[in-house]
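Participant: Just a sequence and a predicted model for now, questions to come.
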Amino acid sequence: MFKILVLFYFLVCIGYAVVGIRRKKENILIKSLLITFFPFLGFLLVVYLFKPIKSDNSQPRSTHDGNDEPITVIEGEISLYKTIDVESEINFVPIQEALLLNDNSIKRKLMIHSLKENSIGNPIVLEKALKCDDSETSHYAATAIMEMKRKLMNSIQELASVLEERPNDPEVLISYAEVIKTYINSGFLDEGTYKQYQSLQSSVLERILLSEQSQKQHYIDKIDCDLNLRAYDKAAYFCEKFLAEYPNDEMAYITAMKLQYKLSNSQKLQDILTTLKKQPVKLSAQGLSLIRFWL
């Protein structure tokens, strides 16, 4: 009997959500979650939290926040409740979860909205959408991927042109390295193109490290690049420079240990660990887990 009651309750919840979405009721997503995860009590919470705010003593006036959205002000106090419609509400739904929904119309709406707002910049999300069984959703994802790659390629070409005119400008070199890194990390490159741009990234990072504007992250990116390209001599050279310039930073030791791990040189890896123990280096949780792994 209890199982039948629970099943009936969840059917009611589903029906409530479907009717609310079709009628474009305000805050229907939040209301549906409340009644689903708080059986019976959820209906009382919905009534209490979303009851209309009335004032008999003063007339509400309208103002605007930084986003130009109307906010109700009553007796000098700002109401926390704003009018929310479906178009804006979908911004608060994690798109990775939304793509798992069975309703293809919702998937399409989310993808179209995200494309219009230019809010998709996560390659993982795009990859999942690309593999979606709904042809329209996968088409929108493919369009977004092509647009993202086009913009990145345009940025790379523009910065390459600027670099020809100002070959020793550290700011241009840093911007160039960042956009190349973004392009590489997009996840939509074939193996040949990936290696080609990693090689380019490595050479640009080397020029940055020889300037006076280099930062710790440039060492990390450069060494990772050289390890992926199996340029172990260059990686070793910049590991030494990294340790010399940042003797009290855990990442200098971690990258050096990564090199020795790649080279299967257990003795040198142990030597680096011994040196690390003697230095006043504060280790993060991630650093500790990596060192435990190598130990």
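Facilitator: Received the coordinates, thanks. Residues are numbered from 1 along each chain as shown.
Participant: any low-confidence regions in the stretch 1-150 of the chain?
Facilitator: Low-confidence segments of the stretch 1-150 of the chain, defined by pLDDT under 70: 2-3, 5-6, 9-10, 20, 23-27, 34-35, 37-38, 40-134, 136-137.
Participant: Which strands and helices lie in contact with the host helix or strand of residue 193?
Facilitator: With elements taken from DSSP states H and E, the one containing residue 193 is helix 191-209. Taking 3 or more Cβ pairs under 8 Å, 6 or more residues apart in numbering; DSSP states H and E as contact, the helices and strands that helix 191-209 lies on are helix 170-184, helix 216-228, helix 232-245. C-betas here are computed from N, CA, C, even on glycine.
Participant: Give me the contacts around it.
Facilitator: Counting by Cβ atoms under 8 Å, 6 or more residues apart in numbering, the neighbours of helix 191-209 from elsewhere in the structure are 170, 173-174, 176-177, 180-181, 183-184, 189, 214, 218-219, 221-222, 225-226, 228-229, 231, 234, 238, 241.
Participant: just checking, residue 159 touches residue 171?
Facilitator: No: Residue 159 is not in contact with residue 171 according to Cβ atoms under 8 Å; the separation is 10.5 Å.
Participant: count of neighbours near residue 258?
Facilitator: Neighbouring residues of residue 258 were enumerated by other Cβ atoms under 10 Å; the total is 20.
Participant: pLDDT at it, what is it?
Facilitator: You'll see residue 258 listed with a pLDDT of 92.
Participant: Show the contacting residues for it.
Facilitator: Contacts were defined as Cβ under 8 Å, 6+ apart; by that measure residue 258 touches 223, 227.
Participant: Please apply the same query to residue 263.
Facilitator: The contact partners of residue 263, taken as Cβ under 8 Å, 6+ apart, are residue 232.
Participant: before we move on, what about residue 295?
Facilitator: Contacts here follow Cβ under 8 Å, 6+ apart; on that basis residue 295 touches residue 273.
Participant: For it, give its distance to residue 273.
Facilitator: The spacing between residue 295 and residue 273, counted by Cβ to Cβ, to the nearest Å, is 7 Å.
Participant: How about residue 227?
Facilitator: Following Cβ to Cβ, the distance that separates residue 227 from residue 273 is 19 Å.
Participant: who has more neighbours, the two?
Facilitator: Shown here are residue 227 and residue 273; by other Cβ under 10 Å, residue 227 has more neighbours (19 against 16).
Participant: Quick one: residues contacting the more buried one.
Facilitator: Residue 227 sits in contact with 235, 258, 259, 262, where contact means Cβ under 8 Å, 6+ apart.
Participant: number of nearby residues for the first one?
Facilitator: Number of residues near residue 235 (other Cβ under 10 Å) recorded here: 25.
Participant: For it, give its distance to residue 197.
Facilitator: For residue 235, the distance to residue 197 under the criterion Cβ to Cβ works out to 18 Å.
Participant: Can you give me the domain boundaries for the protein?
Facilitator: Following the assignment in automatic domain parsing, the chain carries domains at 1-51, 54-90, 149-294.
Participant: so how far does the longest one reach from one end to the other?
Facilitator: By that I understand domain 149-294. One end of domain 149-294 to the other measures 37 Å (Cα to Cα, to the nearest Å).
Participant: ok, residue 184 - contacts?
Facilitator: 194, 197, 198, 201.
Participant: quick one: the third one and residue 170, what's the gap?
Facilitator: Residue 198 is 21 Å from residue 170, where distance means Cβ to Cβ.
Participant: Relative to residue 144, which of the contacts of residue 227 is nearest.
Facilitator: residue 258 (33.9 Å; Cβ to Cβ).
Participant: Now the closest one, what are its backbone angles?
Facilitator: Note on residue 258: backbone dihedrals following degrees, to the nearest 10 are phi -60, psi -40.
Participant: Roughly how far does it sit from residue 202?
Facilitator: Residue 258 is 16 Å from residue 202, by Cβ to Cβ.
Participant: still on that earlier bit, list the buried residues in the helix holding residue 193.
Facilitator: Within helix 191-209, the residues that qualify as buried by neighbour count (16 or more other Cβ atoms under 10 Å) are 194, 197, 198, 200, 201, 202, 204, 205, 206, 207, 208, 209.
Participant: which residues sit in contact with residue 221?
Facilitator: Going by Cβ under 8 Å, 6+ apart, residue 221 touches 177, 181, 201, 205.
Participant: Next, work out how far apart it and residue 238 are.
Facilitator: According to Cβ to Cβ, residue 221 stands 10 Å off from residue 238.
Participant: Need the distance between the two termini of stretch 270-286.
Facilitator: Using Cα to Cα, the span of stretch 270-286 from its first residue to its last is 19 Å.
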